[in-house]
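Peer 1: With the sequence up front, the predicted model follows.
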Number of protein chains: 2
Amino acid sequence: MTTIKDIAKAAGVSITTVSRALNGYPDVNEKTRQKIIDIAKQLNYSPNTLARGLVMNKSKTIGLLVSGLTRESAKDNFTFEVLAGVNQYVSEVDYDMVLFSTTSTKQREKTYTQLCRERRVDGAILQGIRSDDPYLQEVVESDIPCVLIDIPIESETVGYVTTDNVLGAKKAVEHLISLGHKNIAMINGYKYAFVSEQRLKGYKEALSEAGLPIHEEWIADGAFREDAAEAEALRLLTEYPCISAFFCASDLMALGVMKAVKRVGKQIPDDVAVIGYDDIILASYATPALSTVAQNIFAMGYEAAKLLIHMLEGKAESHVKILETELKIRESTVKNRN
Amino acid sequence: MTTIKDIAKAAGVSITTVSRALNGYPDVNEKTRQKIIDIAKQLNYSPNTLARGLVMNKSKTIGLLVSGLTRESAKDNFTFEVLAGVNQYVSEVDYDMVLFSTTSTKQREKTYTQLCRERRVDGAILQGIRSDDPYLQEVVESDIPCVLIDIPIESETVGYVTTDNVLGAKKAVEHLISLGHKNIAMINGYKYAFVSEQRLKGYKEALSEAGLPIHEEWIADGAFREDAAEAEALRLLTEYPCISAFFCASDLMALGVMKAVKRVGKQIPDDVAVIGYDDIILASYATPALSTVAQNIFAMGYEAAKLLIHMLEGKAESHVKILETELKIRESTVKNRN
DNA sequence: TTGAAAGCGCTAACAG
DNA sequence: CTGTTAGCGCTTTCAA
C-alpha cells in the first residue's frame, strides 16, 4: 500500500510537501504539486483515513444508531428510508456512515456512547430509539454531537428533525370529520414515542374544534404493531359498534385495523373508514388503498445528516428542522353513509 | 478523552502494561490487571480504534457496497434486508459496517476500491452491482477480500452467496404446469444480472422437461422494473391472447404484470396466473396475494457477512454458500380453466 | 512481570 | 516555497 513516504521518495521531496500538495494547500510550487499528483496517481495512492483521523482527531464519519433493524422490521421501511436519506447527504459531502444497531445479540453490552467513541465518529443520528431508552439520555448528555429523529431535545450539541405531528394528525381527523364521521376512534402507538403524544393531541384538537366529544375509551394502544392494532380494533368494534372511522398513528397499525374491520364483516370505507400515518409502501398497495398522512422519511434522513454535519462544521443556524406532511386521500376513507 | 497514557499515569505503570492488561494478555500480574481495569472503568476509557487500526493494519470494519440505494428502491426492500442481515452478523462478532452507495451524486468519482482502501475496510460485500459494472472487475481483481451476492465469481480472495436460481425458477414453472398451464410467458430481469440467466434457464428446463415448446417471443425483458414489466406484459397479452400464465423474475415485475392483466380486463388467477420471485413484503399484501419463489434475503446478508469474516480470519472452508428457496403458493396461481 | 522505544501514516507548527 | 520535527494513541519487539 503506497504511503506519502513512497511518494516523497519518488518525487525527491519531503513528506510534508507531499501532504501539502495533495491536500491543496496554496504554499506549494505548482510544478512540484503536479509532479506529486502524477506520481500519486501512478503509484495508485489512497490516503489512509485512519492515520489522518488519528492526527486530526476527527474521522469524517457519522454513526447512525437505530434500534429494531431486524428481519421483521423490514415491513415498516421507515428505518430503511431514513438510512437511504442519510446516506445520500453523507456521500454528497464525502463523509461516511457507520451503522450501529442495538437489536443484535450483544445488545447493550456496549452503550451507544461507547460505540461512538471507540469508532471515533464525529457525530451521530439516532432513529427509532424509544424515549424511555436509558441510553438516550446518555448520548444526549455526552459531548457527542447528535441529531435525533422525532425526539424534540435540543442543546448545544443536540438537534432534531421531525414533522408537525399535531398538525398531521389534525389534518387526518379533520378529513374524517369533513366526510361526516362523528364517531372516530384512535389507535395510537406506545407512549414511549414522542410522536404518539403529538398525534393524540392533534386528534383531540380536531375533535374539540369540531365540537365533537372525546371518548377516552375509544383511544387504544396498538404499540405500532400490526397485530396489536388488529386486536385493539377488534375489541373496539365489538364494544362500540357505532364507531365509523379509525385514525391510526401508523400505517402498519392501520393495516391491522383494516383486517379487524373485515373480520367483523364490515366494509371499508363504506361502513368504517380508516386512515393511517407515514405513507409506507404498503399503504398504496393495500386493498382498499389506505389514506394516510405522508411523511417524507427519506427527507428526514437527508435533513438529519445535513443538520448534523452543519453542526459539526459550526455552520448550523438552527438545531431544529420541521418537515411538512401531506394528506393522501385514497380509497379507505369516504363520505360517511350514516 | 481518556487514553492508555492517562491510565498508565493513574496506575503508576507503563502504557505497555496497560495495553497488555486491557487486551487480556496473560503476562500481567492479576492484581495489576485488576487495578488497571478499575481505573479504566473509572476514567470512562474507550479504546481509540483509529489508533489501533493504524498500528494493527486492520480496522475490524467491513464495507457494504450497494448500488441503487435511492428513495425509489425502498419498494423493493431487497437491499434493506441484505443490510439488516449483514448488520446482524457483523455486530455479533464485534465488527462494524460502513455503507458505500454508488447512486450518490458524486457517483463514480471514486471507485469502490479507492473507497475501501481509504477507509481501510478489511473486506467488502457487494450487492446489487450489475455484472457489466466496470468496477466490479476492479474490486474482484484487487486484493481486497470480498463476498458477492448473486454473482458467482470465486478466487483466493473472492467468494459469493446466492440461491439456486435455476431450481427456483423451475419450481415456479413446474407449479404452473401442474396447474394445467401450457402457455406460460416469462418476464425476465435485464441480462446484466446473473440471476436473470439462471432463472431463464430454469424456465426453459421446466418447459422442456414437460414436453412444452419454448416460444422465444414470449420471453420479455422487464428490467426488474414494475412499469417496464407492466408494459411488456401488456404487449404480450395483446399479441398472444393465448398466454394463460406469467413467470416473473421478480415480485416487483409480477406486480406490474398483475396491473397489465387487470388492464386488459382479465381475471387473476382465473384467466391468467402470475407468479413472482423474491417474496418481498408487497407480495403477500397484493390483491390477489402473489405466489412467489421466496428467498431468505436477510439470511443472504447474514451468510455473506459470515463468509467474509471467516475468510478474513482464515477459517473459511469454502468460499461459496448456496441457500434454499421456497415456493410460496398464494392466490395468484390456480388451476387453469382451459 | 514490567518498561523503553520504535513505528503505523499522517498533519501541523516552526524554521529556514 | 520546502524541510525538520514532534506527536496523534496504540501495539509490539526487545531488554531488563
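Peer 2: Thanks, I have it.
Peer 1: what residues does chain A put near DNA strand D?
Peer 2: Where chain A comes near DNA strand D, counting by CB under 7 Å from any atom of the strand, the residues are A:12-17, A:20, A:26-30, A:32-33, A:51, A:54-55, A:57. Where C-beta positions appear, they are placed from N, C-alpha and C, glycine not excepted.
Peer 1: Stretch A:268-277: end-to-end distance?
Peer 2: The distance separating the two terminal residues of stretch A:268-277, taken as CA to CA, to the nearest Å, comes to 17 Å.
Peer 1: hmm, which of the residues of chain A next to DNA strand D are the buried ones?
Peer 2: Under a neighbour-count criterion of 16 or more other CB atoms under 10 Å in any protein chain shown, the subset of those counted as buried comprises A:V13, A:T17, A:R20, A:V28, A:T32, A:R33, A:A51, A:L54.
Peer 1: and which of those residues is nearest DNA strand C?
Peer 2: A:A51 (3.3 Å; CB to the nearest atom of the strand).
Peer 1: Give me the spatial nearest neighbour of that closest one, chain neighbours excluded.
Peer 2: Spatially, and ignoring its direct neighbours in sequence, A:A51 is nearest to B:L54 (5.4 Å; CB to CB, 6 or more residues apart in numbering or on different chains).
Peer 1: cool, and A:G123?
Peer 2: Of all residues beyond its chain neighbours, the one nearest A:G123 is A:P145 (3.9 Å), with distances taken as CB to CB, 6+ apart.
Peer 1: Please apply the same query to A:T3.
Peer 2: Distance criterion CB to CB, 6+ apart; nearest residue to A:T3, sequence neighbours excluded, is A:N48 at 7.1 Å.
Peer 1: got a pLDDT number for that neighbour?
Peer 2: If you check A:N48, the pLDDT there is 95.
Peer 1: quick one: it and B:E118 touch, right?
Peer 2: Yes: the pair A:N48 / B:E118 is scored as a contact, 7.4 Å apart, by CB atoms under 8 Å.
Peer 1: higher neighbour count, the two?
Peer 2: A side-by-side neighbour count of A:N48 and B:E118, using other CB atoms under 10 Å in any protein chain shown, places A:N48 first with 20 against 16.
Peer 1: and A:K31, what helix or strand is that in?
Peer 2: With elements delineated by DSSP states H and E, A:K31 resides in helix A:30-42, which encompasses its position.
Peer 1: quick check, that helix touching DNA strand C?
Peer 2: No: counting by CB under 7 Å from any atom of the strand, DNA strand C is not contacted by helix A:30-42; separation bottoms out at 9.6 Å.
Peer 1: Can you tell me the element A:V274 falls in?
Peer 2: Assigned by DSSP H and E, A:V274 falls in strand A:273-278.
Peer 1: what's the helix or strand following that strand packed up against?
Peer 2: Next along the chain after strand A:273-278, taking DSSP H and E as the criterion, comes helix A:281-285. Secondary-structure packing of helix A:281-285 (3 or more CB pairs under 8 Å, 6 or more residues apart in numbering or on different chains; DSSP states H and E): helix A:251-263, helix B:281-285.
Peer 1: what's the most buried one of those helices?
Peer 2: With neighbours defined by mean count of other CB atoms under 10 Å in any protein chain shown, none of these is more surrounded on average than helix A:251-263, at a mean of 24.
Peer 1: Put the alpha carbons of that helix into CSV.
Peer 2: Included here for helix A:251-263 are C-alpha records, laid out as CSV according to Å, rounded to 0.1, in the frame of the first residue of the first chain:
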residue,chain,number,x,y,z
ASP,A,251,-49.9,2.7,8.5
LEU,A,252,-48.8,-0.6,9.8
MET,A,253,-51.4,-0.3,12.5
ALA,A,254,-54.0,0.9,10.0
LEU,A,255,-53.4,-2.3,8.1
GLY,A,256,-54.1,-4.3,11.2
VAL,A,257,-57.3,-2.2,11.8
MET,A,258,-58.4,-3.0,8.2
LYS,A,259,-58.0,-6.7,8.9
ALA,A,260,-60.1,-6.3,12.1
VAL,A,261,-62.8,-4.4,10.2
LYS,A,262,-63.0,-7.1,7.6
ARG,A,263,-63.2,-9.7,10.3
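Peer 1: mind checking how far that helix is from the chain centre?
Peer 2: Between the mean C-alpha location of helix A:251-263 and the chain-wide mean there is a distance of 24 Å, by CA atoms, centre = their mean, to the nearest Å.
Peer 1: and it, average pLDDT?
Peer 2: Summarised as a single mean, pLDDT over helix A:251-263 is 96.
Peer 1: Which strands or helices does it pack on?
Peer 2: Applying 3+ CB pairs under 8 Å, 6+ apart, one finds that helix A:251-263 makes contact with strand A:184-188, helix A:226-239, strand A:245-248, strand A:273-278, helix A:281-285.
Peer 1: same question for the next helix-or-strand element following the first one, mean pLDDT?
Peer 2: Spelled out, it's strand A:184-188. The first helix or strand that comes after strand A:184-188 along the chain, using DSSP H and E, is helix A:194-209. Mean pLDDT, computed over helix A:194-209, is 97.
Peer 1: Give me the angle between helix A:194-209 and strand A:273-278.
Peer 2: Here helix A:194-209 runs at an angle of 140 degrees relative to strand A:273-278 (axes from the mean of the first three to the mean of the last three CA atoms, to 10 degrees).
Peer 1: With just CA atoms, put helix A:194-209 into CSV.
Peer 2: Coordinates of the C-alpha atoms in helix A:194-209 are reproduced here as CSV (Å, rounded to 0.1, in the frame of the first residue of the first chain):
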residue,chain,number,x,y,z
PHE,A,194,-43.0,11.5,21.3
VAL,A,195,-45.0,11.2,18.1
SER,A,196,-47.7,9.3,19.9
GLU,A,197,-48.3,12.1,22.3
GLN,A,198,-48.4,14.6,19.5
ARG,A,199,-50.7,12.7,17.2
LEU,A,200,-53.0,12.2,20.1
LYS,A,201,-53.0,15.9,20.8
GLY,A,202,-53.9,16.6,17.1
TYR,A,203,-56.7,14.0,17.3
LYS,A,204,-58.2,15.6,20.3
GLU,A,205,-57.8,19.1,19.0
ALA,A,206,-59.6,18.3,15.8
LEU,A,207,-62.5,16.7,17.6
SER,A,208,-62.8,19.6,20.1
GLU,A,209,-62.6,22.2,17.4
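Peer 1: packing partners for it?
Peer 2: Using 3+ CB pairs under 8 Å, 6+ apart as the contact definition, the elements that helix A:194-209 packs against are helix A:165-178, strand A:184-188.
Peer 1: at 10 Å what do you get?
Peer 2: The elements that helix A:194-209 packs onto, with contact taken as 3 or more CB pairs under 10 Å, 6 or more residues apart in numbering or on different chains; DSSP states H and E, are strand A:158-163, helix A:165-178, strand A:184-188, strand A:219-221, strand A:245-248, strand A:273-278, strand A:291-295.
Peer 1: Enumerate the positions of that helix that are buried.
Peer 2: The neighbour-count check on helix A:194-209 (16+ other CB under 10 Å) flags A:194-200, A:202-207 as buried.
Peer 1: which residue sits closest to the spatially most central residue of chain A, ignoring its sequence neighbours?
Peer 2: With distances taken as CA atoms, centre = their mean, the residue of chain A nearest its centroid is A:V82 (4.6 Å). With sequence-adjacent residues excluded and distances taken as CB to CB, 6+ apart, A:V82 is closest to A:G301, at 3.8 Å.
Peer 1: Look up the pLDDT of that neighbour for me, please.
Peer 2: We note a pLDDT of 97 for A:G301 in this prediction.
Peer 1: Would you mind listing the residues in contact with it?
Peer 2: When the contact criterion is CB atoms under 10 Å, 6 or more residues apart in numbering or on different chains, the partners of A:G301 are A:64, A:78-90, A:125, A:127, A:149, A:161, B:71.
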